[in-house]
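S.K.: attaching a predicted model along with its sequence, questions to come.
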Amino acid sequence: MVLSAARQHLLGGIRLGACGQHLLGGSRPGAWGQNLLRGIGSVYTAAKGFQEKEIREKLQAFPGGSIDLVKQESGIAVLTVNNPARMNAFSGSMMVELEERVSQLEEWTEGKGLIIQGAAGTFCSGSDLNAVRAISNPQDGMKMCTFMQNALTRLLRLPLLSVALVEGNALGGGAELTTACDFRLMAPGGVIQFVHKHMGLVPGWGGAARLVRIVGGQNALKMLGGALKIDPEMGLQIGLADRVLEGSLAGSGANALLEAEQWLGCYTAGPAPVIRAIKSVVVSGRELPLEVALGTERDVFGTVWGGPANLQALATKAKHK
Ligand SMILES: CC[C@@H](C(=O)O)C(=O)SCCNC(=O)CCNC(=O)[C@H](O)C(C)(C)COP(=O)(O)OP(=O)(O)OC[C@H]1O[C@@H](n2cnc3c(N)ncnc32)[C@H](O)[C@@H]1OP(=O)(O)O
(Lines give C-alpha, C1' and ligand atoms only; values in the text may rest on other atoms or scores of the structure.)
Protein backbone atom coordinates (compact mmCIF):
# COMPACT_ATOMS: atom_id res chain seq x y z
CA MET A 1 0.00 0.00 0.00
CA VAL A 2 2.79 2.40 0.97
CA LEU A 3 4.71 1.46 -2.15
CA SER A 4 1.75 2.15 -4.42
CA ALA A 5 1.12 5.54 -2.82
CA ALA A 6 4.72 6.66 -3.28
CA ARG A 7 4.79 5.57 -6.89
CA GLN A 8 1.44 7.19 -7.50
CA HIS A 9 2.93 10.42 -6.19
CA LEU A 10 5.71 10.23 -8.78
CA LEU A 11 3.43 9.16 -11.57
CA GLY A 12 0.86 11.85 -10.89
CA GLY A 13 -1.72 9.07 -10.71
CA ILE A 14 -1.66 8.59 -14.45
CA ARG A 15 0.28 5.39 -14.90
CA LEU A 16 -0.46 3.70 -11.64
CA GLY A 17 -2.11 0.73 -13.38
CA ALA A 18 1.09 -0.51 -14.95
CA CYS A 19 3.00 0.21 -11.75
CA GLY A 20 0.54 -1.55 -9.47
CA GLN A 21 0.31 -4.59 -11.72
CA HIS A 22 4.05 -4.91 -11.82
CA LEU A 23 4.35 -4.73 -8.05
CA LEU A 24 1.99 -7.67 -7.90
CA GLY A 25 4.03 -9.50 -10.52
CA GLY A 26 1.30 -9.26 -13.13
CA SER A 27 2.99 -7.41 -16.00
CA ARG A 28 6.08 -8.14 -18.06
CA PRO A 29 9.38 -7.15 -16.44
CA GLY A 30 10.46 -3.62 -17.20
CA ALA A 31 7.04 -2.25 -18.16
CA TRP A 32 7.07 0.21 -15.28
CA GLY A 33 10.66 1.12 -16.02
CA GLN A 34 9.64 2.00 -19.57
CA ASN A 35 7.11 4.47 -18.19
CA LEU A 36 9.72 5.95 -15.91
CA LEU A 37 12.07 6.37 -18.86
CA ARG A 38 9.52 8.66 -20.52
CA GLY A 39 9.47 11.03 -17.55
CA ILE A 40 7.48 10.52 -14.41
CA GLY A 41 4.80 13.07 -13.97
CA SER A 42 3.44 16.09 -12.23
CA VAL A 43 2.96 16.94 -8.59
CA TYR A 44 -0.51 18.46 -8.98
CA THR A 45 -3.17 16.80 -11.13
CA ALA A 46 -6.79 17.51 -11.99
CA ALA A 47 -7.69 14.93 -9.35
CA LYS A 48 -6.02 17.18 -6.79
CA GLY A 49 -7.98 20.22 -8.01
CA PHE A 50 -5.32 21.59 -10.35
CA GLN A 51 -7.17 23.64 -12.99
CA GLU A 52 -4.42 23.74 -15.59
CA LYS A 53 -6.50 25.18 -18.47
CA GLU A 54 -7.70 28.11 -16.36
CA ILE A 55 -4.18 28.90 -15.15
CA ARG A 56 -2.74 28.72 -18.66
CA GLU A 57 -5.33 31.22 -19.89
CA LYS A 58 -4.54 33.57 -17.04
CA LEU A 59 -0.78 33.39 -17.70
CA GLN A 60 -1.25 33.92 -21.46
CA ALA A 61 -2.64 37.38 -20.62
CA PHE A 62 0.96 38.45 -19.84
CA PRO A 63 2.83 37.96 -23.12
CA GLY A 64 6.44 38.65 -24.11
CA GLY A 65 9.65 36.75 -24.84
CA SER A 66 9.86 33.07 -25.68
CA ILE A 67 11.30 29.75 -24.56
CA ASP A 68 13.26 28.31 -27.48
CA LEU A 69 14.14 24.65 -27.84
CA VAL A 70 16.70 23.16 -30.23
CA LYS A 71 17.11 19.38 -30.23
CA GLN A 72 20.49 18.41 -31.62
CA GLU A 73 21.76 15.27 -33.38
CA SER A 74 24.18 14.77 -30.48
CA GLY A 75 21.23 14.00 -28.20
CA ILE A 76 21.81 17.24 -26.29
CA ALA A 77 19.01 19.84 -26.51
CA VAL A 78 19.44 23.54 -25.77
CA LEU A 79 16.60 25.45 -24.11
CA THR A 80 16.96 29.25 -24.18
CA VAL A 81 15.08 31.62 -21.88
CA ASN A 82 14.66 34.48 -24.30
CA ASN A 83 13.46 37.88 -23.12
CA PRO A 84 16.64 39.98 -23.17
CA ALA A 85 14.87 43.36 -22.90
CA ARG A 86 13.87 42.27 -19.37
CA MET A 87 17.03 40.34 -18.52
CA ASN A 88 15.21 37.12 -19.50
CA ALA A 89 12.46 37.55 -16.92
CA PHE A 90 9.59 35.05 -17.25
CA SER A 91 6.43 36.56 -18.71
CA GLY A 92 3.20 34.57 -18.25
CA SER A 93 3.33 33.26 -21.83
CA MET A 94 6.92 32.10 -21.24
CA MET A 95 5.75 30.05 -18.25
CA VAL A 96 3.20 28.36 -20.52
CA GLU A 97 5.85 27.85 -23.22
CA LEU A 98 8.22 26.32 -20.68
CA GLU A 99 5.58 23.72 -19.83
CA GLU A 100 5.08 23.01 -23.55
CA ARG A 101 8.81 22.57 -24.11
CA VAL A 102 8.97 20.14 -21.17
CA SER A 103 6.17 18.13 -22.84
CA GLN A 104 8.20 18.06 -26.07
CA LEU A 105 11.26 16.86 -24.17
CA GLU A 106 9.21 14.14 -22.46
CA GLU A 107 8.37 12.82 -25.94
CA TRP A 108 11.97 13.01 -27.21
CA THR A 109 13.01 9.39 -26.84
CA GLU A 110 16.43 9.88 -28.50
CA GLY A 111 17.47 12.61 -26.04
CA LYS A 112 20.30 12.26 -23.54
CA GLY A 113 21.08 15.76 -22.28
CA LEU A 114 19.70 19.26 -21.89
CA ILE A 115 21.37 22.64 -21.41
CA ILE A 116 19.31 25.58 -20.17
CA GLN A 117 20.74 29.01 -20.87
CA GLY A 118 19.57 32.61 -21.00
CA ALA A 119 19.72 34.75 -24.12
CA ALA A 120 22.33 37.48 -24.57
CA GLY A 121 24.78 36.41 -21.89
CA THR A 122 22.59 36.48 -18.79
CA PHE A 123 20.56 33.64 -17.29
CA CYS A 124 17.17 34.82 -15.96
CA SER A 125 15.95 37.56 -13.62
CA GLY A 126 12.96 35.58 -12.32
CA SER A 127 9.30 36.42 -12.81
CA ASP A 128 8.47 39.43 -14.94
CA LEU A 129 7.75 42.01 -12.26
CA ASN A 130 5.08 43.63 -14.44
CA ALA A 131 3.12 40.36 -14.42
CA VAL A 132 3.86 39.86 -10.72
CA ARG A 133 2.37 43.27 -9.92
CA ALA A 134 -0.77 42.45 -11.90
CA ILE A 135 -1.39 39.16 -10.07
CA SER A 136 -0.20 40.21 -6.63
CA ASN A 137 -3.10 38.58 -4.79
CA PRO A 138 -2.70 35.25 -2.95
CA GLN A 139 -5.14 33.31 -5.18
CA ASP A 140 -3.41 34.16 -8.46
CA GLY A 141 0.02 33.78 -6.87
CA MET A 142 -0.84 30.26 -5.72
CA LYS A 143 -2.06 29.33 -9.20
CA MET A 144 1.12 30.57 -10.86
CA CYS A 145 3.22 28.81 -8.24
CA THR A 146 1.31 25.53 -8.72
CA PHE A 147 1.77 25.71 -12.49
CA MET A 148 5.50 26.41 -12.21
CA GLN A 149 6.06 23.72 -9.56
CA ASN A 150 4.53 21.17 -11.93
CA ALA A 151 6.56 22.34 -14.92
CA LEU A 152 9.86 22.45 -13.01
CA THR A 153 9.27 19.11 -11.28
CA ARG A 154 8.65 17.49 -14.67
CA LEU A 155 11.76 19.25 -15.99
CA LEU A 156 13.95 17.81 -13.23
CA ARG A 157 12.43 14.35 -13.68
CA LEU A 158 13.15 14.20 -17.43
CA PRO A 159 15.27 11.18 -18.37
CA LEU A 160 17.93 13.61 -19.60
CA LEU A 161 21.06 14.85 -17.82
CA SER A 162 20.32 18.55 -17.44
CA VAL A 163 22.61 21.52 -16.93
CA ALA A 164 21.87 25.16 -16.06
CA LEU A 165 24.48 27.31 -17.79
CA VAL A 166 24.65 30.38 -15.57
CA GLU A 167 26.13 33.44 -17.25
CA GLY A 168 25.30 36.77 -15.63
CA ASN A 169 22.41 36.75 -13.16
CA ALA A 170 20.11 33.95 -12.04
CA LEU A 171 17.78 35.85 -9.69
CA GLY A 172 14.53 34.91 -7.91
CA GLY A 173 12.68 32.46 -10.13
CA GLY A 174 15.87 32.29 -12.25
CA ALA A 175 17.75 30.90 -9.24
CA GLU A 176 14.88 28.45 -8.72
CA LEU A 177 15.15 27.34 -12.35
CA THR A 178 18.83 26.44 -11.86
CA THR A 179 17.83 24.01 -9.10
CA ALA A 180 15.48 22.19 -11.48
CA CYS A 181 18.56 20.97 -13.38
CA ASP A 182 20.87 18.12 -12.40
CA PHE A 183 23.98 20.30 -12.70
CA ARG A 184 24.92 23.98 -12.60
CA LEU A 185 27.86 25.41 -14.54
CA MET A 186 28.77 28.99 -13.71
CA ALA A 187 30.65 31.39 -15.95
CA PRO A 188 33.10 33.82 -14.32
CA GLY A 189 31.02 36.74 -13.04
CA GLY A 190 27.90 34.57 -12.80
CA VAL A 191 25.61 35.02 -9.78
CA ILE A 192 22.88 32.81 -8.32
CA GLN A 193 20.77 34.76 -5.85
CA PHE A 194 17.50 33.90 -4.19
CA VAL A 195 16.31 37.51 -3.86
CA HIS A 196 12.89 36.46 -2.54
CA LYS A 197 13.45 37.86 0.95
CA HIS A 198 14.02 41.30 -0.55
CA MET A 199 10.68 40.88 -2.35
CA GLY A 200 8.90 39.91 0.90
CA LEU A 201 8.58 36.34 -0.41
CA VAL A 202 9.90 32.82 -0.21
CA PRO A 203 10.60 30.71 -3.28
CA GLY A 204 7.39 29.22 -4.68
CA TRP A 205 8.51 27.30 -7.75
CA GLY A 206 9.92 24.45 -5.63
CA GLY A 207 13.30 26.17 -5.43
CA ALA A 208 13.61 25.98 -1.63
CA ALA A 209 12.81 22.26 -1.45
CA ARG A 210 15.32 21.51 -4.20
CA LEU A 211 17.97 23.87 -2.79
CA VAL A 212 17.93 22.07 0.57
CA ARG A 213 18.58 18.79 -1.25
CA ILE A 214 21.48 20.30 -3.19
CA VAL A 215 23.36 22.35 -0.58
CA GLY A 216 21.84 21.11 2.70
CA GLY A 217 19.60 22.92 5.17
CA GLN A 218 22.29 25.11 6.75
CA ASN A 219 23.52 26.56 3.48
CA ALA A 220 19.96 26.93 2.17
CA LEU A 221 18.98 28.88 5.28
CA LYS A 222 21.93 31.23 4.82
CA MET A 223 21.25 31.68 1.12
CA LEU A 224 17.54 32.44 1.61
CA GLY A 225 17.87 34.29 4.93
CA GLY A 226 20.66 36.53 3.67
CA ALA A 227 19.50 36.65 0.03
CA LEU A 228 23.19 35.86 -0.57
CA LYS A 229 24.83 36.48 -3.91
CA ILE A 230 26.50 33.17 -4.75
CA ASP A 231 29.47 33.66 -7.04
CA PRO A 232 31.18 30.75 -8.83
CA GLU A 233 33.78 30.23 -6.10
CA MET A 234 31.19 30.09 -3.34
CA GLY A 235 28.96 27.99 -5.61
CA LEU A 236 31.67 25.36 -5.91
CA GLN A 237 32.40 25.48 -2.19
CA ILE A 238 28.82 24.71 -1.13
CA GLY A 239 28.11 22.23 -3.93
CA LEU A 240 25.69 24.47 -5.80
CA ALA A 241 27.98 24.77 -8.82
CA ASP A 242 29.47 21.68 -10.43
CA ARG A 243 32.02 23.60 -12.43
CA VAL A 244 33.25 27.10 -13.16
CA LEU A 245 33.72 27.66 -16.87
CA GLU A 246 37.17 28.61 -18.13
CA GLY A 247 37.63 32.39 -18.24
CA SER A 248 39.17 32.14 -21.68
CA LEU A 249 36.14 30.44 -23.15
CA ALA A 250 33.29 31.91 -21.14
CA GLY A 251 31.70 35.30 -21.40
CA SER A 252 30.93 35.18 -25.07
CA GLY A 253 27.68 33.19 -25.32
CA ALA A 254 28.56 30.68 -28.03
CA ASN A 255 31.84 29.70 -26.38
CA ALA A 256 30.25 29.21 -22.98
CA LEU A 257 27.63 27.00 -24.60
CA LEU A 258 30.33 25.05 -26.42
CA GLU A 259 32.18 24.50 -23.17
CA ALA A 260 28.99 23.40 -21.45
CA GLU A 261 28.29 20.97 -24.29
CA GLN A 262 31.80 19.54 -23.98
CA TRP A 263 31.41 19.14 -20.22
CA LEU A 264 28.01 17.48 -20.52
CA GLY A 265 29.23 15.33 -23.41
CA CYS A 266 31.48 13.41 -20.99
CA TYR A 267 28.35 12.23 -19.18
CA THR A 268 26.03 11.74 -22.16
CA ALA A 269 28.52 9.71 -24.21
CA GLY A 270 26.97 6.32 -24.97
CA PRO A 271 23.64 4.91 -26.09
CA ALA A 272 20.50 6.90 -25.20
CA PRO A 273 18.69 3.99 -23.49
CA VAL A 274 21.58 3.56 -21.06
CA ILE A 275 21.98 7.29 -20.28
CA ARG A 276 18.22 7.63 -19.78
CA ALA A 277 18.19 4.59 -17.53
CA ILE A 278 20.99 6.12 -15.43
CA LYS A 279 19.04 9.34 -14.94
CA SER A 280 15.88 7.38 -14.12
CA VAL A 281 17.47 5.30 -11.34
CA VAL A 282 18.99 8.46 -9.86
CA VAL A 283 15.62 10.27 -9.92
CA SER A 284 13.93 7.39 -8.13
CA GLY A 285 16.85 7.12 -5.69
CA ARG A 286 16.68 10.77 -4.75
CA GLU A 287 12.89 11.02 -4.56
CA LEU A 288 11.57 7.69 -3.31
CA PRO A 289 11.92 5.75 -0.05
CA LEU A 290 14.65 3.12 -0.33
CA GLU A 291 12.45 0.06 -0.81
CA VAL A 292 10.41 1.74 -3.52
CA ALA A 293 13.55 3.03 -5.23
CA LEU A 294 14.99 -0.49 -5.19
CA GLY A 295 11.89 -1.80 -6.96
CA THR A 296 12.14 0.99 -9.51
CA GLU A 297 15.82 0.30 -10.07
CA ARG A 298 14.97 -3.33 -10.76
CA ASP A 299 12.34 -2.27 -13.31
CA VAL A 300 14.75 0.07 -15.09
CA PHE A 301 17.51 -2.56 -14.95
CA GLY A 302 15.11 -4.84 -16.81
CA THR A 303 14.99 -2.36 -19.68
CA VAL A 304 18.76 -2.44 -20.31
CA TRP A 305 19.72 -6.00 -19.28
CA GLY A 306 20.15 -8.02 -22.47
CA GLY A 307 19.63 -4.87 -24.52
CA PRO A 308 21.76 -3.97 -27.56
CA ALA A 309 24.39 -2.02 -25.60
CA ASN A 310 24.66 -4.74 -22.98
CA LEU A 311 24.98 -7.55 -25.58
CA GLN A 312 27.53 -5.56 -27.57
CA ALA A 313 29.64 -5.01 -24.44
CA LEU A 314 29.44 -8.68 -23.54
CA ALA A 315 30.62 -9.64 -27.03
CA THR A 316 33.90 -7.81 -26.51
CA LYS A 317 36.61 -8.65 -23.99
CA ALA A 318 35.86 -6.00 -21.35
CA LYS A 319 38.79 -4.41 -19.54
CA HIS A 320 37.93 -1.25 -17.62
CA LYS A 321 41.29 0.45 -17.19
C1 LIG B 1 7.33 35.25 -7.77
C2 LIG B 1 8.50 35.97 -7.32
C3 LIG B 1 9.85 35.47 -7.67
C4 LIG B 1 9.79 34.10 -8.23
O5 LIG B 1 9.27 33.95 -9.33
O6 LIG B 1 10.31 33.18 -7.59
C7 LIG B 1 10.60 36.39 -8.61
O8 LIG B 1 11.34 35.94 -9.43
S9 LIG B 1 10.33 38.03 -8.44
C10 LIG B 1 11.54 38.74 -9.52
C11 LIG B 1 12.90 38.70 -8.91
N12 LIG B 1 13.84 39.42 -9.74
C13 LIG B 1 14.13 40.68 -9.56
O14 LIG B 1 13.63 41.34 -8.66
C15 LIG B 1 15.10 41.28 -10.54
C16 LIG B 1 15.04 42.79 -10.54
N17 LIG B 1 16.01 43.34 -11.49
C18 LIG B 1 17.28 43.60 -11.16
O19 LIG B 1 17.72 43.38 -10.05
C20 LIG B 1 18.14 44.18 -12.24
O21 LIG B 1 17.31 44.60 -13.30
C22 LIG B 1 19.17 43.15 -12.80
C23 LIG B 1 18.51 41.87 -13.26
C24 LIG B 1 20.23 42.87 -11.72
C25 LIG B 1 19.88 43.77 -14.03
O26 LIG B 1 20.41 45.04 -13.68
P27 LIG B 1 21.05 45.95 -14.82
O28 LIG B 1 22.09 45.18 -15.54
O29 LIG B 1 21.45 47.22 -14.17
O30 LIG B 1 19.88 46.17 -15.88
P31 LIG B 1 18.51 46.95 -15.66
O32 LIG B 1 18.10 46.98 -14.24
O33 LIG B 1 18.59 48.26 -16.36
O34 LIG B 1 17.49 45.97 -16.42
C35 LIG B 1 17.30 46.05 -17.81
C36 LIG B 1 15.82 46.01 -18.04
O37 LIG B 1 15.32 44.76 -17.58
C38 LIG B 1 14.21 44.98 -16.72
N39 LIG B 1 14.09 43.87 -15.79
C40 LIG B 1 15.07 43.25 -15.13
N41 LIG B 1 14.56 42.27 -14.38
C42 LIG B 1 13.24 42.29 -14.56
C43 LIG B 1 12.16 41.51 -14.05
N44 LIG B 1 12.35 40.49 -13.18
N45 LIG B 1 10.91 41.79 -14.46
C46 LIG B 1 10.67 42.77 -15.33
N47 LIG B 1 11.66 43.56 -15.86
C48 LIG B 1 12.91 43.31 -15.48
C49 LIG B 1 14.54 46.28 -16.06
O50 LIG B 1 13.40 46.86 -15.49
C51 LIG B 1 15.08 47.07 -17.22
O52 LIG B 1 13.98 47.50 -18.01
P53 LIG B 1 13.90 49.04 -18.47
O54 LIG B 1 13.88 49.85 -17.23
O55 LIG B 1 12.63 49.11 -19.26
O56 LIG B 1 15.13 49.28 -19.29
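M.R.: Right, received. Where do you want to start? On a predicted model such as this, the values are computed, not experimentally measured, just so you know.
S.K.: below-threshold pLDDT in the chain: ranges please.
M.R.: The model of the chain has pLDDT under 70 over residues 1-40, 248-253.
S.K.: could you pull out the strands in it for me?
M.R.: Under the criterion DSSP state E, strands of the chain are mapped to 66-71, 76-82, 113-118, 161-166, 169-171, 183-186, 191-193, 229-230, 243-244.
S.K.: can you lay out those as a markdown table showing distance to G302 and mean neighbour count?
M.R.: From N, CA and C alone the C-beta is placed, and that goes for glycine too. Below are the strands of the chain laid out as a markdown table (distance: least, CB to CB, whole Å; neighbours: other CB atoms under 10 Å):
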| stretch | distance to G302 | mean neighbour count |
| --- | --- | --- |
| strand 66-71 | 27 | 16 |
| strand 76-82 | 27 | 21 |
| strand 113-118 | 24 | 26 |
| strand 161-166 | 21 | 28 |
| strand 169-171 | 38 | 27 |
| strand 183-186 | 27 | 26 |
| strand 191-193 | 38 | 24 |
| strand 229-230 | 41 | 20 |
| strand 243-244 | 34 | 17 |
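S.K.: among the ones you listed, which is nearest the ligand?
M.R.: strand 169-171 (4.4 Å; CB to the nearest ligand atom).
S.K.: what helices and strands are in contact with the closest one?
M.R.: For strand 169-171, the packing partners by 3 or more CB pairs under 8 Å, 6 or more residues apart in numbering; DSSP states H and E come out as strand 191-193.
S.K.: which strands border the strand it packs on, and is each parallel or antiparallel?
M.R.: The pairing partners recorded for strand 191-193 under DSSP bridges are strand 169-171 (parallel), strand 229-230 (antiparallel).
S.K.: from L171, how far out is the nearest residue in space to Q193 that is not next to it in sequence?
M.R.: Closest residue in space to Q193, ignoring its immediate chain neighbours: K229 at 4.8 Å, by CB to CB, 6 or more residues apart in numbering. According to CB to CB, to the nearest Å, K229 and L171 sit 9 Å apart.
S.K.: joint contacts of those two?
M.R.: Common contacts of K229 and L171 (CB atoms under 8 Å, 6 or more residues apart in numbering): V191, Q193.
S.K.: P84 and C124 touch, don't they?
M.R.: No: between P84 and C124 there is no contact under CB atoms under 8 Å: 10.7 Å.
S.K.: more neighbours, those two?
M.R.: Per other CB atoms under 10 Å, whichever of P84 and C124 has more neighbours is C124, with 31 against 14.
S.K.: quick one, what contacts that one?
M.R.: So C124 contacts V81, M87, N88, A89, F90, G118, N169, A170, L171, G173, G174, L177 (CB under 8 Å, 6+ apart).
S.K.: sweet, I'm off.
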